[in-house]
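**Q** Predicted model and sequence below, questions to follow.
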Amino acid sequence: MYMNRTKRILILVGSILNLVSVTINLILSIVMATNRELQTLLVQSGYVYMLSFSTNLVYSIIGFLIGAVASILLLYSIRQKGKYFRTSQIQFYIGLGIVIFFGSFVTWLLLFIATLMPDIIVMNTPREIRREEIKEDREYSEKKRRIEELKALRDSGAITEEEYKEKLFELL
């Protein structure tokens, strides 16, 4: 059983977009904090709202760390083609919550769409199903043959009733 591929891709793209977004925000904050001419130009151009959020380097570093943690949690939840998604859904929902409060709208939207999709899809081809049926038939036939041999041994007196029950228990 593997995770729904579309859901896995949406989570992967969402976590990468989130990481790119917080990284760009951190880089812009560093540039803004070190370049006073750019700050002056933005104030004169009317981008004051950008200036207030981007120049505070401490908040940008904290935002980067929180965003990186969210991306790591999202990526962890889909490890090994989503094989363990059901056991790591808590990490997914924590990452989703962080993205909702601190991430971009596009990332939030991708992850929200992913939550609406089914988690697991059993992907057995008809050939695999037939192989499993053949294997089960062989195992059943083998056990049946061994039980008949044990009955014959018991009926002939080669083994006692207790030995018969013990071997039958081991077989089953």
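**A** Everything's here; your move.
**Q** which residues in the protein form strands?
**A** Shown for the chain, the strands assigned by DSSP state E span residues 2-3, 120-121.
**Q** Give me the buried positions along stretch 21-35.
**A** Going by neighbour count (16 or more other Cβ atoms under 10 Å), the buried part of stretch 21-35 is 21-22, 25-26, 28-29, 32-33. For glycine as for every other residue, the C-beta is placed from the backbone atoms N, C-alpha and C.
**Q** closest to Gln44 among the residues you listed?
**A** Closest approach between those and Gln44, by Cβ to Cβ: Met32, at 14.3 Å.
**Q** Name the nearest of the buried residues of stretch 21-35 relative to Glu128.
**A** Ser21 (40.9 Å).
**Q** What number of residues are in the vicinity of the residue lying closest to that closest one once chain neighbours are set aside?
**A** In space, Ser21 comes closest to Ser104 once its chain neighbours are excluded; the distance is 4.8 Å by Cβ to Cβ, 6 or more residues apart in numbering. Around Ser104 there are 17 other residues, counting by other Cβ atoms under 10 Å.
**Q** Does Ser104 touch Leu19 like I think?
**A** No. Look at Ser104 against Leu19 with Cβ atoms under 8 Å: they stay out of range, at 11.0 Å.
**Q** quick one, phi psi at Ile78?
**A** Phi and psi for Ile78, reported as degrees, to the nearest 10, are phi -110, psi 20.
**Q** now it: how far from Leu109?
**A** For Ile78, the distance to Leu109 equals 18 Å [Cβ to Cβ, to the nearest Å].
**Q** who's more crowded, the two?
**A** Shown here are Ile78 and Leu109; by other Cβ under 10 Å, Ile78 has more neighbours (23 against 13).
**Q** Could you give the number of residues near the closest residue to Leu111 other than its chain neighbours?
**A** Excluding the flanking residues, the one nearest Leu111 by Cβ to Cβ, 6+ apart is Gly14, at 4.5 Å. Around Gly14 there are 28 other residues, counting by other Cβ under 10 Å.
**Q** same deal with the one 4 residues further on?
**A** The number of residues packed near Asn18 is 26, by other Cβ under 10 Å.
**Q** Surely it touches Ile72?
**A** No. Counting by Cβ under 8 Å, Asn18 stays clear of Ile72, with 10.2 Å between them.
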